[in-house]
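**Q** model this:
(chains A and B)
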Amino acid sequence: MNIENSKAQLRKGILEFCVLALLKKEEAYPSDLLNALKGAELIVVEGTLYPLLNRLKNAGLLTYRWEESTSGPPRKYYSLTEQGKTFYNELANSWGELRDAVEKILADNKSTPKQ
Amino acid sequence: MKKTIQVNLNGQVFTLDEDAYERLSGYLNRIGRLYENSPGKDDILSDIEARIAELLLERIDDRKQVINMQDIQQVMDIMGDPEQFEAETADEPGSDSNYTYTREERNKRLFRDPDNPMIGGVCSGIGYYFGIDPIWIRLAFAIALIFFGTGVLFYILLWVVIPVAKTTSDRLSMKGEPVNIGNIGKTIEKEIDGFGERVSRAGDRFSKGSGRKIDRGIDRFFNFLAELLRGFFGVLGKVIGGAFILIGLLTIVALVAGTIGVADIIHLGSNDWDASMSIYEWGDIVFESGEWMFLAIFAGFLLVGIPFIALIYGGLVLLFPQARVPYLGASLAGMWFIGIILSILTAFGIAQEFSKEETRFDRIPMTEMGLMGDTLILETGDDPFNISERRAYYSRNDFMMKIDDRKIIVGNIDFTVLRSNDDQVWLELNRSAKASSYEEAERRADSIRYNFRVDSNRLLLNAYFSYPQLYLLRDQEVEATLRIPTGTTIYLAESIKRIIEDIPNVTNTYDPQMVGHHSRMEEDGLTCLDCKAIKEMEEDEADWSTEESTAPAAP
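**A** Got it, this is the predicted structure:
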């Protein structure tokens, strides 16, 4: 069992959720998202993000608009659609439940340490 | 001094070293291939290009204006291997199945298979491409090797022209499996057993933590080794490439010239006679119909020509790597296989035409034809091929043929002398021909005309037979046998050498040495009456064993 592999599996599930969460807060262009995600070590290689954004956009959860930039060519700013917001809320609910469940298990672990 | 290339990434101009450019464009191509049939391909690519532009922008300033290999390598490390993209997201294989299906259909590409090679993985790769077991492809190559020999050359060419499946997505494309995370995962697991490059890449992929630096080191080392080899073979490759193109062009020109009959490729004849025929004239008398002939020429052209076209293409690719055309290698291979199949069909068709043989047998009473006398003199009559007496005996082995006035004239007759089973002199003529049916073979045999003349005690046998051209070349033969009763004396004139074919005799004397002498049919067989060789043999009987049949020529 490879620990890196398991970590990657853990990250995989929540990457989409985190992207939606970041965009729920405010619209962003990919480099902003990358900084946030890399800071949290949710992605290792940046190339991962673009196909994901494209998939979410095709699913109707995201949309984007072009914005002139002061320091270069125009940038693509992504934001959630109405459908995306609903989608996010549902995911956020199940994340809450999941987190509580996991926390509870971890807490039980601490209170009854193994030999 | 280094050559640089300017590129436009997301509306910004960058200046790249040539090698950096090659690396970057290769990288973008790989991403493009991965998303080839995805509806968002352009979006994904332009977003990735935009990000690369940002990252590159951080790496240049007023003092350093050119992007080098190292910059590109860093950017690629940040962006990651295209195969890793999908591996980090939770997209399940088959989640949108329509779209994976169309990919599966279209995304098949021809690669050499590095995992199941017999030699270079060419057959295995082709097998995947056409969805057949590679054993059949290998068999086809083996057949081509035995019968045509062009197989080897073609194999080497395909080896050069078809790229090896290097990456996981290459391997999946080769097998026509959808390039998605599930399949990539499966393939990677298989790959871990590999060595060298594959070990370092797999390591890179799986140990992102402490081991990463070491893996990078290994990766660098192999990259360096690869660059070194590429450099060495690069020069050699250009030379070989040039030679390929030259050989290919010359051969194609020769082939085309030969096929349209500019050159008389097939030259029959010797010092004595001459007949040059173009491939069409040959085709006319070999093939049943124009369609068959066209098919055969077409098949031959594919079979022989395609490898040389591939040779030119291979040379071009060696010289200019960007000349590689997608699917051209596969198309050439496909056409070549069609060539093999057509050739086999034509060969079967022709073989069919030779499968049945019929013989017409005629027995002509020679006394009634006026042949009489104490000694029968046997001579060769008319010979349209004008073979000189000196060469007559040896030229019998040459196939002599010409076309005259819509008639095919063949200058090969097998003549022998045997004992008659009664007291008459007979000339037996066996005229035979082949065809696809006995009826047709019989018609052909029947159409053969063979003539001889009798002049009191002289029998003049013509050195040729003829038949209408419409009956084609179907192994027509004429055997003439003179049957003489015991006690008959014959004289074999010098000219008979032209048609003589193994006359059995008691002393087993070599045929041409019986010529110019008298022989008599005795109880135990034909006996030479005045051969010097025999006298000598009798004299030297103590020394010579009886098996020593061919006596040395008289001094």
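**Q** Tell me which residues touch residue 57, please.
**A** Since no chain was named, I'll use chain A. The neighbourhood of residue A:57, defined by CB atoms under 8 Å, 6 or more residues apart in numbering or on different chains, consists of A:63-64, A:78, B:40, B:43. Heads up, the C-betas are built off the backbone N, CA and C, glycines and all.
**Q** The chain in question should be chain B.
**A** Neighbouring residues of residue B:57 by CB under 8 Å, 6+ apart: A:72, B:12.
**Q** returning to what we had before: any idea which of the contacts of residue A:57 the model trusts least?
**A** Taking the contacts of residue A:57 together, the minimum pLDDT is found at residue B:40 (78).
**Q** now that one: how far from residue B:76?
**A** Here residue B:40 is placed at a distance of 21 Å from residue B:76 (CB to CB, to the nearest Å).
**Q** What is the burial count for the residue in chain A that chain B sits nearest to?
**A** With distances taken as CB to the nearest CB, chain A approaches chain B most closely at residue A:45, which sits 2.0 Å away. Neighbouring residues of residue A:45 were enumerated by other CB atoms under 10 Å in any protein chain shown; the total is 19.
**Q** so it makes contact with residue B:76?
**A** No. Proximity of residue A:45 to residue B:76 does not meet the contact threshold set by CB atoms under 8 Å, at 9.2 Å.
**Q** Just the C-alphas of stretch B:435-449, formatted as CSV.
**A** Included here for stretch B:435-449 are C-alpha records, laid out as CSV according to Å, rounded to 0.1, in the frame of the first residue of the first chain:
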residue,chain,number,x,y,z
ALA,B,435,-5.4,-24.9,-68.5
SER,B,436,-7.9,-24.6,-65.7
SER,B,437,-10.1,-27.3,-67.2
TYR,B,438,-9.4,-30.4,-69.1
GLU,B,439,-11.6,-29.3,-72.0
GLU,B,440,-9.6,-26.1,-72.4
ALA,B,441,-6.3,-27.9,-72.0
GLU,B,442,-7.3,-30.3,-74.7
ARG,B,443,-8.3,-27.4,-77.0
ARG,B,444,-4.9,-25.9,-76.4
ALA,B,445,-3.0,-29.1,-77.0
ASP,B,446,-5.0,-29.6,-80.2
SER,B,447,-4.1,-26.2,-81.5
ILE,B,448,-0.4,-26.9,-81.5
ARG,B,449,1.1,-27.4,-84.9
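**Q** Return the distance of it from the chain's centre.
**A** On the basis of CA atoms, centre = their mean, to the nearest Å, stretch B:435-449 is displaced by 33 Å from the centre of the chain it belongs to.
**Q** next one: stretch B:429-438
**A** 31 Å.
**Q** That stretch - what's its average pLDDT?
**A** Stretch B:429-438 shows an average pLDDT of 93 in the prediction.
**Q** where along chain A do the helices fall?
**A** Remark: helices of chain A, listed N- to C-terminal, are A:3-25, A:30-39, A:49-58, A:82-111; assignment by DSSP state H.
**Q** Just name the shakiest helix or strand of chain B by mean pLDDT.
**A** Using mean pLDDT, DSSP states H and E, the weakest-scoring helix or strand in chain B turns out to be helix B:97-106, at a mean of 38.
**Q** Can you name the residues that contact the most centrally placed residue in chain A?
**A** Most central residue of chain A, judged by C-alpha distance to the mean C-alpha position with CA atoms, centre = their mean, is residue A:18 at 1.8 Å. Residues counted as contacts of residue A:18 (CB under 8 Å, 6+ apart) are A:37, A:40, A:42.
**Q** Quick check: of those residues, which has the highest neighbour count?
**A** Note: the member of those with the most neighbours is residue A:37, at 21 neighbours, neighbours being other CB under 10 Å.
**Q** Tell me, how many residues neighbour residue B:471?
**A** Neighbouring residues of residue B:471 were enumerated by other CB under 10 Å; the total is 20.
**Q** for residue B:371, helix, strand, or coil?
**A** Here residue B:371 is recorded as coil under DSSP: H, G, I helix; E, B strand; the rest coil.
**Q** how far away is it from chain A?
**A** Per CB to the nearest CB, to the nearest Å, residue B:371 is found 99 Å from chain A.
**Q** Give the burial count for that residue, as a bare number.
**A** With other CB under 10 Å as criterion, residue B:371 counts 21.
**Q** What parts of chain A come near chain B?
**A** By CB under 8 Å from any CB of the partner chain, the residues of chain A that approach chain B are A:2, A:4-5, A:8, A:11-13, A:15-16, A:30-31, A:34, A:43-48, A:50-55, A:57-58, A:72-73, A:75-76.
**Q** Quick one: mean pLDDT for the helix or strand containing residue B:347?
**A** Residue B:347 is located in helix B:328-353, with elements delineated by DSSP states H and E. Here helix B:328-353 scores 87 as its mean pLDDT.
**Q** now chain A, which segments are flagged as low pLDDT?
**A** Across chain A, residues meeting the criterion (pLDDT under 70) sit at A:1, A:112-115.
**Q** hmm, back to that, with distance to residue B:320 as new columns, can the contacts of residue A:18 be given to me in CSV?
**A** Conversion of the contacts of residue A:18 to CSV gives the following (distance: CB to CB, whole Å):
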residue, distance to residue B:320
A:37, 42
A:40, 47
A:42, 44
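**Q** returning to that earlier point: which of the helices of chain A sits most buried?
**A** Among the helices of chain A, ranked by average contacts under mean count of other CB atoms under 10 Å in any protein chain shown, first place goes to helix A:49-58 (a mean of 22).
**Q** Restricting to C-alpha, output it in PDB.
**A** Coordinates of each C-alpha in helix A:49-58 appear next as PDB, following Å, rounded to 0.1, in the frame of the first residue of the first chain:
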ATOM      1  CA  LEU A  49      -6.800  22.300 -13.000                       C
ATOM      2  CA  TYR A  50      -7.600  23.200 -16.600                       C
ATOM      3  CA  PRO A  51      -9.300  20.000 -17.600                       C
ATOM      4  CA  LEU A  52     -11.300  20.100 -14.400                       C
ATOM      5  CA  LEU A  53     -12.500  23.600 -15.000                       C
ATOM      6  CA  ASN A  54     -13.500  22.700 -18.500                       C
ATOM      7  CA  ARG A  55     -15.400  19.700 -17.200                       C
ATOM      8  CA  LEU A  56     -17.300  21.700 -14.600                       C
ATOM      9  CA  LYS A  57     -18.000  24.400 -17.200                       C
ATOM     10  CA  ASN A  58     -19.400  21.700 -19.600                       C
END
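**Q** Report the inter-axis angle for it versus helix A:3-25.
**A** Note on geometry: by axes from the mean of the first three to the mean of the last three CA atoms, to 10 degrees, helix A:49-58 and helix A:3-25 are set 50 degrees apart in direction.
**Q** Please find the angle between the direction vectors of helix A:49-58 and helix A:30-39.
**A** Computed by the same axes, to 10 degrees, the angle between helix A:49-58 and helix A:30-39 is 120 degrees.
**Q** which residues sit in contact with the residue of chain A closest to chain B?
**A** By CB under 8 Å, 6+ apart, the residues touching residue A:45 are B:77-81, B:84-85, B:88.
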